[in-house]
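A.B. asks: Need a 3D model of the following:
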Amino acid sequence: MTLKTQIESDVADVFFNTDDFGETCTYKQNNQTAATVTAILDQREFVSETEEGFRVRAEKCDWLIPEADLSFTPRNGDRITRALDSSVYEVLPPDDGKQSYMLDESGHVYRLHVKRVT
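C.D. replies: From the prediction side, this is the model:
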């Protein structure tokens with residue numbers, strides 16, 4: 001096994017382990033097609049300070065979803081509802097304008113940029 005294949009395997013089996021880190025969500029596309037998925041919320045907060053001394057806080061949210069859990073390709077505007085607290089997230093285009101992209105080179109996990117809408 002090469003280092004590359006070992007890392008790809010670790011991404012899928014260790015770092016992206018929905019049994020340990022995942023939570024149940026409902027994924028809706030165009031308010032029609034719905035799928036129950038087990039996904040991982042990757043939520044990060046960034047704080048910086050302006051030249052004037054003001055603190056600026058920004059939050060970045062991504063949902064990591066196994067490709068096998070979706071029978072369709074994610075699109076901008078899709079909605080993900082978190083079962084834990086019924087919060088709803090809307091899928092946004094990544095910085096490069098694509099609809100979605102894979103977390104790993106093996107193409108098993110979607111990384112979806114989202115914003116919380118409720």
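A.B. asks: so who does the most centrally placed residue in the chain touch?
C.D. replies: The centroid of the chain falls nearest to residue 63 when counting by C-alpha atoms, centre = their mean (1.6 Å). Taking C-beta atoms under 8 Å, 6 or more residues apart in numbering, we find residue 63 in contact with 25, 39-42, 80, 89, 110-112, 114. C-beta: built from backbone N, CA, C; applies to glycine.
A.B. asks: Residue 107 belongs to a strand?
C.D. replies: No. Going by DSSP: H, G, I helix; E, B strand; the rest coil, the assignment for residue 107 is coil, not a strand.
A.B. asks: Check the gap between the residue nearest to residue 81 when sequence neighbours are not counted and residue 36 for me.
C.D. replies: Among residues not flanking residue 81 along the chain, residue 26 sits closest, at 4.5 Å (C-beta to C-beta, 6 or more residues apart in numbering). Computed as C-beta to C-beta, to the nearest Å, the residue 26 to residue 36 distance reads 6 Å.
A.B. asks: The two: which is more packed in?
C.D. replies: residue 26 (15 against 10; other C-beta atoms under 10 Å).
A.B. asks: pretty sure that one is in a strand, no?
C.D. replies: Yes. Under three-state DSSP, residue 26 sits within a strand.
A.B. asks: partners of the residue nearest to the centre of the chain in the sheet?
C.D. replies: residue 41, residue 112 (DSSP bridges).
A.B. asks: quick one on the thing from earlier: isn't the residue nearest to residue 81 up against residue 38?
C.D. replies: No. If you go by C-beta atoms under 8 Å, residue 26 and residue 38 don't touch, sitting 11.3 Å apart.
A.B. asks: Show the low-confidence segments of the chain, by residue range.
C.D. replies: 6-17, 95-100, 104-106 (pLDDT under 70).
A.B. asks: what ranges do the helices span in it?
C.D. replies: 3-10, 18-21 (DSSP state H).
A.B. asks: just checking, what packs against the last one?
C.D. replies: Helix 18-21 makes packing contacts with strand 33-49 when contacts are defined by 3 or more C-beta pairs under 8 Å, 6 or more residues apart in numbering; DSSP states H and E.
A.B. asks: which of the residues in the strand it packs on are buried?
C.D. replies: Using 16 or more other C-beta atoms under 10 Å as the test for burial, strand 33-49 gives 37, 39-42.
A.B. asks: Right, I'll call it a day here.
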